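Peer 1: Predicted model follows, preceded by the sequence.
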Amino acid sequence: MFIVCIISFLALGVSSCESVQKLLIDPSMAATKANDSTVIVEGCGNQPIVGYTYCRKSVGPVGKETIRVHVPQGKCQSGDCTSVQIYFPNGSPTIGRTVPRDKGFVTFSWEEILQKKDFSTNDRGFWTIITITKFVGQDGIEREVAEEGEIRLRVLSRNYVPLISTQSSEYFVWDWLYGNCEMKKTTAGRTFVGCR
């Protein structure tokens, strides 16, 4: 074993014989079996959040904005410990990659996710994210845990002007308070919510 470790160290520059941290097994039902959405995802101006991120885009070029999936750094026996796959709303795979074991996230561009350069109104829907993370349990056995998450994408028509970020408009004909939030709505169904 010692000779194998030295050869691994000389060939790879790192020792594959280092002790892997053994992790406490959570006895709870797996999140995916409980139908929970637990991938940590970030994008579309939203901070990292458990389960899903909501994206409103307009028809046209996808630009440089990205979706980031956060994962724990590697604690498996060898190689990269986490893989991330994103699926089209129809269930077919779009893009996937492994996360380097020293990284805590992976980033995807909208062009990679859509497999095209422009948003269209047909792109709306739930884009499923699946992560699989390998780890070593306290019994020394390597295991996997799968997580699911979602990107909710809504692509707006080219000439539509949403008012979700507009506090005042002559078209707001309904204006009411709920707790510390002001809510407004037009007769076309455009809305605004501002909370203090």
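Peer 2: Everything's here; your move.
Peer 1: for Lys57, which residues make a bridge with it?
Peer 2: Val155 (DSSP bridges).
Peer 1: I'd like to know how many residues surround it.
Peer 2: By other Cβ atoms under 10 Å, 19 other residues sit near Lys57. C-beta coordinates here come from the backbone N, C-alpha and C atoms, glycine included.
Peer 1: From Met29, how far off is it?
Peer 2: 35 Å (Cβ to Cβ, to the nearest Å).
Peer 1: do you know how far Ser19 is from Val69?
Peer 2: For Ser19 relative to Val69 (Cβ to Cβ), the value is 28 Å.
Peer 1: any idea how far the residue nearest to the spatial centre of the chain is from Lys116?
Peer 2: For the chain, Val41 is the residue whose C-alpha lies nearest the centre (Cα atoms, centre = their mean; 2.9 Å). Distance of Val41 to Lys116, computed by Cβ to Cβ: 21 Å.
Peer 1: sorry, back to before: for Ser19 and Val69, indicate the residue with more neighbours.
Peer 2: Per other Cβ under 10 Å, whichever of Ser19 and Val69 has more neighbours is Val69, with 27 against 6.
Peer 1: Parallel or antiparallel, which strands does the helix or strand hosting that one pair with?
Peer 2: Using DSSP states H and E, Val69 sits within strand 66-70. Using DSSP bridges, the strands paired with strand 66-70 are strand 40-43 (antiparallel), strand 105-109 (antiparallel).
Peer 1: Now these in a markdown table, please, with extra columns for distance to Gly125.
Peer 2: Below are these laid out as a markdown table (distance: least, Cβ to Cβ, whole Å):
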| stretch | distance to Gly125 |
| --- | --- |
| strand 40-43 | 15 |
| strand 105-109 | 16 |
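Peer 1: Grab the nearest non-local neighbour of Pro48.
Peer 2: Excluding its sequence neighbours, the residue lying closest to Pro48 (Cβ to Cβ, 6 or more residues apart in numbering) is Glu42, at 4.2 Å.
Peer 1: Equivalent analysis for Val193, please.
Peer 2: Spatial nearest neighbour of Val193, chain neighbours left out: Met183 (5.3 Å); criterion: Cβ to Cβ, 6+ apart.
Peer 1: Tell me which stretches of the chain form helices.
Peer 2: 2-12, 110-114 (DSSP state H).
Peer 1: Flag whichever of the ones you listed has the least confidence on average.
Peer 2: Of all those, the minimum mean pLDDT falls on helix 2-12 (a mean of 40).
Peer 1: Count residues in the vicinity of Thr53, would you?
Peer 2: Counted with other Cβ under 10 Å, residues neighbouring Thr53 total 25.
Peer 1: what's the answer for Gly60, then?
Peer 2: 13.
Peer 1: go on, Glu170?
Peer 2: 6.
Peer 1: now swap in the one 10 residues further on and tell me
Peer 2: Residues contacting Asn180 under the criterion other Cβ under 10 Å number 8.
Peer 1: For it, which non-adjacent residue is closest in space?
Peer 2: Nearest to Asn180 is Arg196, by Cβ to Cβ, 6+ apart, at 4.8 Å.
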